[in-house]
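Q: Sharing a sequence plus its predicted fold:
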Amino acid sequence: MKFILLFGPQAVGKMTVGFELEKATGYKLFHNHMTIDLVSRYFDYGTKEGERLVHTLREAVFREVAHSDLPGFIFTYVWAFDQQEDHDYVKKVCAIFEEAGAEIYFVELEADVDERLARNRHPFRLAQKPTKQNLEWSDHNLLTSMEQYRLQSLPGEIKHRPYVRINTTHRTPAETVALILESFNF
């Protein structure tokens, strides 16, 4: 199995690229809002209960998938590089797949803030992510999270290989997927 961790800040294109990558490879996409939006009907993600449920559900899916006969799995994540708990979480998720013999691939996406704000309002994104439909809140969250956290890696910070970093500002999802496929010889 191939496990692809697709990460970057909000509205950089992780989910949309993930859907295109799913079409190109047949690997299953599990974007991070699949659990956030499910749990948010009961608890806000920022609460202790909400975070615990999201992580519990994700881990259950990861463990089942890692031991399945699926050829590949794509997971999207917003990684705060200045938060040790995020590094620990990524390490824990990757360990679940590594212990099952999966190959691990890291894909980091980046894009200009103005482009991300425009994408934040895209109808496809809003349809897939109900908690993003409050645009005033969502735009504010996108901007303030950049002040609170470092959401892109520093040069040389990602030691894991294989790894690719792609700027999606002026690329379509299909172009981004083509670069991923080429980078990893898929």
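A: It's in. Numbers count the residues shown, from 1 in each chain.

Q: can we go C-alpha only for contacts and neighbour counts from here?
A: Fine.

Q: now the helices: where do they sit in this structure?
A: Assigned by DSSP state H, the helices in the chain fall at 14-25, 33-39, 48-66, 84-99, 113-119, 123-128, 135-148, 173-184.

Q: Lowest average confidence across the ones you listed, which one?
A: Taking each of these in turn, the one with the lowest mean pLDDT is helix 123-128, at a mean of 62.

Q: got a markdown table for the helices of the chain, with mean neighbour count and distance to R165 too?
A: As requested, those are arranged in a markdown table below (neighbours: other CA atoms under 10 Å; distance: least, CA to CA, whole Å):
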| stretch | mean neighbour count | distance to R165 |
| --- | --- | --- |
| helix 14-25 | 20 | 12 |
| helix 33-39 | 19 | 22 |
| helix 48-66 | 16 | 24 |
| helix 84-99 | 14 | 17 |
| helix 113-119 | 16 | 16 |
| helix 123-128 | 14 | 22 |
| helix 135-148 | 13 | 18 |
| helix 173-184 | 16 | 9 |
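
Q: Turn these into a markdown table, including distance to G72.
A: Converted to a markdown table, those look like this (distance: least, CA to CA, whole Å):
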| stretch | distance to G72 |
| --- | --- |
| helix 14-25 | 8 |
| helix 33-39 | 18 |
| helix 48-66 | 9 |
| helix 84-99 | 11 |
| helix 113-119 | 27 |
| helix 123-128 | 22 |
| helix 135-148 | 30 |
| helix 173-184 | 13 |
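
Q: measure stretch 26-34 end to end?
A: By CA to CA, to the nearest Å, the extent of stretch 26-34 from end to end equals 19 Å.

Q: list the buried ones in that stretch?
A: Judged by neighbour count (16 or more other CA atoms under 10 Å), stretch 26-34 contains these buried residues: 27-34.

Q: any idea which of those is closest to G72?
A: Minimum distance to G72 across the buried residues of stretch 26-34 is 4.3 Å, recorded for Y27 (CA to CA).
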